[in-house]
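Sequence isn't available, so here's the structure alone:
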């Protein structure tokens, strides 16, 4: 699920030069009773501006930029997919 979510985040990320979209990575941690997939910005250009792009921000002139919702839709889709797969296992 985390691999599919990473692909979706990279596809839907804003691409001016492509550096931001390429900066996403994933890590899967296997514990004794859990498996955790983490998607994170591995480059400073990614994790420092993710919230600004997701929510929009004020510019120097006082206007607002438009938000680029690319993280929240991928997260919601991943949550639905996990619930669906867990339901199929039971």
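Thanks, I have it. Since the structure is predicted, the reported quantities are computational estimates derived from the model, not experimental observations.

just the helices in this protein please.
Ranges of helices in the chain, per DSSP state H, are 2-12, 19-22, 44-47, 50-55, 72-89.

The last one: how far from the chain's middle?
The one in question is helix 72-89. Per C-alpha atoms, centre = their mean, to the nearest Å, the displacement of helix 72-89 from the mean C-alpha position of its chain is 14 Å.

what's the angle from it to helix 2-12?
160 degrees (axes from the mean of the first three to the mean of the last three C-alpha atoms, to 10 degrees).

Check which residues of the worst-scoring helix or strand of the chain on mean pLDDT are buried.
Least confident helix or strand, the chain: helix 44-47 with a mean of 87, by mean pLDDT, DSSP states H and E. Using 16 or more other C-beta atoms under 10 Å as the test for burial, helix 44-47 gives residue 46. Any C-beta I mention is one placed from the backbone N, CA and C, and that applies to glycine too.

for the helices of the chain, which one sits closest to residue 30?
Closest approach to residue 30 among these (C-beta to C-beta): helix 2-12, 12.2 Å.

what sits up against the closest one?
Helix 2-12 is contacted from outside by 21-22, 24-26, 28, 37-39, 70-71, 73-75, 77-78, 81, using C-beta atoms under 8 Å, 6 or more residues apart in numbering.

cool, and stretch 61-80?
Contacting residues not belonging to stretch 61-80 are listed as 1-2, 4-5, 8-9, 12-14, 50, 52-59 [C-beta under 8 Å, 6+ apart].
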